[in-house]
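1. Sequence plus the predicted model coming up.
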Amino acid sequence: MALSEARKTPVDHKILDGRVIGEGIRAEVAREARALADAGWPPRLISIAVGDTDAAMIYIRNQQRVAEKLGIAFEQKLFPAEATRAEVLAAIAALNADPRVTGIIIQRPVPDHLLIKELQGAVHPFKDVEGMHPASIGNIVYNDLVMGPCTSVAAVEMLKHTGLRLQGLEVVVIGHSEIVGKPIAFLLMSEGATVTVCHHMTRNLQVHSRQADAVFVAVGKPGLVTGNMIKPGAAVIDIGINQIDLPDGGTRVVGDADYDSCYDVAGWITPVPGGVGPVTVSILLRNLVTAAKLQRGHYERAFRGGFTPCAPAVAPVAE
Ligand code: NAD
């Protein structure tokens with residue numbers, strides 16, 4: 001058994017177990033979703049995928065499975081690869097206007113003739129459960145987290161579970177993509193952390209990473225962060241998802257941190273799989289509940305309290 005496998009036990013407090021952390025978030029989401037449904041606002045999630053969805057299908061099925069387990073309706077809209085920009089934008093506009101639709105996910109990748117950023121920007125900010133709309137990203141910059149990018153929010157949630165005080169914490173974020181690294185840096189800054197962002201042009205990664213109380217890594221390179229690059233006792237939050245080939249011809253999913261060497265030095269570490277991933281889908285559904293509340297408030301103000309998109313659930317009458 002690999003060292004990383006042997007140490008994945010629930011009693012190992014070094015390991016930030018995404019399945020357990022995600023479960024706590026989902027229990028709260030299920031409770032809120034039920035209350036919304038009882039009031040005539042059942043959260044409903046629509047997934048839009050265009051073209052060859054094989055790569056995304058594993059994520060889509062997982063989103064659907066988790067949503068339905070919490071009593072949340074999940075619908076897939078599949079468009080052929082040749083769907084035009086106008087067709088996809090029109091479908092998004094129709095979903096934006098439909099008060100029975102709470103949240104919209106645009107599955108990646110999309111065919112080359114479509115621009116993912118344009119599609120994400122077309123989703124109404126109140127339905128942007130992925131937190132990818134420029135307004136959602138802008139809210140983070142203004143220290144106002146409404147619906148943040150799910151992976152970034154999930155990664156920061158993992159750090160919060162260490163119990164470390166974030167104010168003044170020295171944190172290094174490795175990777176500065178728009179959807180992961182940059183939002184993590186902004187979320188941490190709004191918590192009061194001192195953040196250093198490293199990327200492919202950073203001259204000496206370990207000079208930075210060795211100073212940090214917490215290291216986030218979101219790059220897409222297996223084994224990039226090794227134990228000798230982190231400070232003893234630091235938290236390692238690994239966002240990378242990489243499929244590697246094994247000598248026996250099989251494959252395995254690993255993160256960007258070399259798990260075994262980092263485990264020996266770290267105070268806390270997230271496994272891959274089973275770390276940030278399961279929390280990400282929980283955050284998506286938490287965003288959906290936030291979206292439902294935003295929309296409910298909006299419509300109730302507009303219609304002076306007299307609007308529900310669905311009939312409120314009625315308690316069964318005793319015979
Ligand atoms: P990206 O390709 O958009 O960005 C990669 C980043 O890594 C860039 O900022 C680049 O400058 C930096 N980088 C590249 N080489 C580097 C090096 N040698 N040293 C330091 N920095 C380097 O990737 P992304 O979309 O941000 O995804 C990053 C990883 O996170 C991938 O493995 C991806 O699969 C994973 N991911 C996980 C989730 C999740 O839910 N856990 C979600 C999204 C992405």
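-> Here it is on my side, so go on.

2. mind showing which ranges of this protein have poor pLDDT?
-> Within the chain, the stretches with pLDDT under 70 are 1-11, 305, 313-319.

3. Is the ligand within reach of the lengthiest helix in it?
-> The longest helix of the chain (DSSP state H) is helix 276-302. Yes - using Cβ under 6 Å from any ligand atom, we find that helix 276-302 touches the ligand at 276-277, 280. Backbone N, C-alpha and C define where each C-beta goes, glycine included.

4. end-to-end on stretch 266-276?
-> With Cα to Cα, to the nearest Å as the measure, stretch 266-276 spans 17 Å from end to end.

5. Can you point out the buried residues in that stretch?
-> Under the neighbour-count criterion of 16 or more other Cβ atoms under 10 Å, stretch 266-276 has 266-272, 274-276 buried.

6. Out of the residues you listed, which sit inside strands?
-> Among the buried residues of stretch 266-276, the members found in strands (DSSP state E) are 268-269.

7. Tell me the one of the buried residues of stretch 266-276 nearest residue 249?
-> residue 272 (21.3 Å; Cβ to Cβ).

8. Now the closest one. Nearest residue, chain neighbours left out?
-> Nearest-residue entry for residue 272: residue 255, 3.3 Å, with adjacent residues in sequence omitted and distances by Cβ to Cβ, 6 or more residues apart in numbering.

9. Please name the residues that touch the one you found.
-> Taking Cβ atoms under 8 Å, 6 or more residues apart in numbering, we find residue 255 in contact with 217, 222, 238-242, 270-272, 275.

10. Check those residues one by one and keep those near the ligand.
-> Residues of these in contact with the ligand (Cβ under 6 Å from any ligand atom): 239-242.

11. Compare the residues you listed and tell me which has the most neighbours.
-> residue 239 (30 neighbours; other Cβ atoms under 10 Å).

12. is it true that it touches residue 155?
-> Yes - applying Cβ atoms under 8 Å as the test, residue 239 and residue 155 come out as touching, 5.4 Å apart.

13. overlap in contacts of the two?
-> Here residue 239 and residue 155 share the contacting residues 180, 184, 216, 218, 276, scored by Cβ under 8 Å, 6+ apart.

14. my guess is the first one contacts residue 148, does it?
-> No - the pair residue 180 and residue 148 does not pass the contact test of Cβ under 8 Å, sitting 11.3 Å apart.

15. What about contact with the ligand: does stretch 16-27 have any residue there?
-> No - using Cβ under 6 Å from any ligand atom, stretch 16-27 never reaches the ligand; the gap is at least 9.0 Å.

16. Just the buried residues of that stretch, please?
-> Within stretch 16-27, the residues scored as buried using 16+ other Cβ under 10 Å are 16-18, 21-22, 25-26.

17. again, but for stretch 297-317
-> So stretch 297-317, judged by 16+ other Cβ under 10 Å, has buried residues 299, 308-309.

18. Helices of the protein, residue ranges please.
-> For the chain, applying DSSP H gives helices covering 3-6, 18-38, 54-69, 85-97, 116-122, 134-141, 150-160, 181-190, 205-209, 259-265, 276-302.

19. so who does the nearest residue to residue 177 once chain neighbours are set aside touch?
-> Nearest non-adjacent residue to residue 177, counting by Cβ to Cβ, 6+ apart: residue 218, 6.8 Å away. By Cβ under 8 Å, 6+ apart, the contact set of residue 218 is 151, 155, 173-175, 177, 180-181, 184, 239-240, 256.

20. Distance-wise, check residue 218 relative to residue 124.
-> Going from residue 218 to residue 124 by Cβ to Cβ, to the nearest Å gives 27 Å.

21. for residue 147, same thing?
-> Look at residue 147 and residue 124: by Cβ to Cβ, they are 11 Å apart.

22. And for residue 189?
-> For residue 189, the distance to residue 124 (Cβ to Cβ) stands at 27 Å.

23. Correct me if wrong: residue 242 contacts residue 256.
-> Yes - using Cβ under 8 Å, residue 242 is in contact with residue 256, at 7.1 Å.

24. between these two, what contacts are shared?
-> Counting by Cβ under 8 Å, 6+ apart, the common neighbours of residue 242 and residue 256 are 220-222.

25. Check whether residue 214 really touches residue 231, as I assumed.
-> No - taking contacts as Cβ under 8 Å, residue 214 lies outside contact range of residue 231: 9.4 Å.

26. quick one on the thing from earlier: list the buried ones in the longest helix of the chain?
-> Those would be 276-296, 299, for helix 276-302 by 16+ other Cβ under 10 Å.

27. how much does that helix deviate in direction from helix 18-38?
-> Per axes from the mean of the first three to the mean of the last three Cα atoms, to 10 degrees, the angle that helix 276-302 makes with helix 18-38 is 20 degrees.

28. Remind me what helix 276-302 packs against, helices and strands.
-> helix 18-38, helix 54-69, strand 103-106, helix 150-160 (3 or more Cβ pairs under 8 Å, 6 or more residues apart in numbering; DSSP states H and E).
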